[in-house]
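Undergrad: Sequence plus predicted model, see below.
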Amino acid sequence: MMTTSSDASELRRVRWRCRRGMRELDQLFERWLDREWAAVSDAERGVFLRLLDCEDDKLWHWFMGHEAASDAELDALVRRIRALPPG
């Protein structure tokens, strides 16, 4: 699939937004971006962008499995991201 310069610019902007200052969260988000972003629908990308709008402490609890997001779409995405194998 060819990427346009606007696609590459958008990916750079999203990658920058993924930087949270918590290595664990940074790695989870980067892994999803690298493996899934190009293949998912605009709707799924929108859910990911909504996830990035959440506060770090909430994200931490969701990704560590201490709590579930009350929003079903966010919760499903968190579970999919957590299920991605490392490496």
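TA: The structure has been received and is ready for your questions.

Undergrad: Spell out which helix or strand contains Leu59, please.
TA: Assigned by DSSP states H and E, Leu59 falls within helix 56-63.

Undergrad: which residues in the chain form strands?
TA: Using DSSP state E, the chain contains no strands.

Undergrad: Which parts of the lowest-mean-pLDDT helix or strand in it count as buried, going by neighbours?
TA: Lowest on mean pLDDT, DSSP states H and E among the helices and strands of the chain sits helix 5-17, with a mean of 88. Residues Val14 are the ones in helix 5-17 that count as buried (16 or more other CB atoms under 10 Å). No exception for glycine: its C-beta is placed from N, CA and C like everyone else's.

Undergrad: and the gap between the nearest residue to Asp71 once chain neighbours are set aside and Trp37?
TA: Among residues not flanking Asp71 along the chain, Arg50 sits closest, at 7.7 Å (CB to CB, 6 or more residues apart in numbering). Separation of Arg50 from Trp37 (CB to CB, to the nearest Å): 15 Å.

Undergrad: Kindly report the same for Phe48.
TA: 8 Å.

Undergrad: which of the two has more neighbours?
TA: Shown here are Phe48 and Trp37; by other CB atoms under 10 Å, Phe48 has more neighbours (21 against 16).
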